[in-house]
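Next input, structure requested:
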Amino acid sequence: MLFSEKLALPTQEEALPGRDQALQLADFHAVSRHRIKPTFPENMAKALFGLGCFWGAEKKFWSLPGVYSTAVGYAGGYTRNPLYEEVCSGLTAHNEVVLVIYDPQQISYGDLLRVFWESHDPTQGMRQGNDAGTQYRSGIYAYDKNQAALAKESLEKYQRALANRGFDEITTEIVPSPTFYYAEDYHQQYLARNPAGYCGLGGTGVEYVDMRGRAR
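Reported below is the predicted structural model:
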């Protein structure tokens, strides 16, 4: 019963309250040495994704050309400034997410969406592989109407590609960007600090393809 409860989002009344004080963490990215907290260069844009355990999710993005910085955190729930243990309890409604700071002149939002879709299985609901719980759900959190439109269009395209290979319906949530809470310092760029660390992410093997051959 306790396990099944972790697969259902709590209501705001059921969620843990959290705290007013934000977690303390380093200012700079362990790989790029760029800032992971504001302020960022004016020409940068933001994207926010949830695709399973955020350790592996962050690594998928930080080495992409045009990505300035990344950070992991929690979003989509009710608990203020949550702790990792609280998120894992299933009583925050938060998802494990990766914040991507990128230069749209070098890499497009469509390119990021391609990496998002191909890096996990978006049909699994409240889980990703062996990782089960509400914090492992698939999500795209749009910062503006253009991102939302591109995300919905990409979902429709990828759904057709998955259906052709016999996969179930996509369960990815696409919603306006919620408050992003930075995760604890030891989670930031975890797989750079711990190269042999756990990564449960695995894609479907189905490429995201548009009319021009790739997402742009």
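
ok, then the element right after the helix or strand of the chain with the lowest mean pLDDT?
The helix or strand of the chain with the poorest confidence is helix 2-5; it has a mean of 54 (mean pLDDT, DSSP states H and E). Sequence-wise, the next helix or strand beyond helix 2-5 is strand 45-51, with elements assigned using DSSP states H and E.

So which residues make contact with that next one?
Residues outside strand 45-51 that contact it (CB atoms under 8 Å, 6 or more residues apart in numbering): 57, 60-61, 75-76, 95-104, 109, 112, 116, 119-120, 122, 128, 137-141, 143, 147, 177, 180, 201. Backbone N, C-alpha and C define where each C-beta goes, glycine included.

Swap in 6 Å and give it another go.
57, 95, 97-102, 104, 112, 116, 119-120, 138-141, 143, 177 (CB atoms under 6 Å, 6 or more residues apart in numbering).

Would you list the buried entries among these?
For the contacts of strand 45-51, a neighbour count by 16 or more other CB atoms under 10 Å gives the buried set as 57, 95, 97-102, 112, 116, 119-120, 138-141, 177.

what stretches of the chain score poorly on pLDDT?
For the chain, applying pLDDT under 70 flags the ranges 1-5, 210-216.

So which residues of it form strands?
45-51, 67-75, 95-102, 127-128, 131-132, 138-142, 173-176, 181-182 (DSSP state E).
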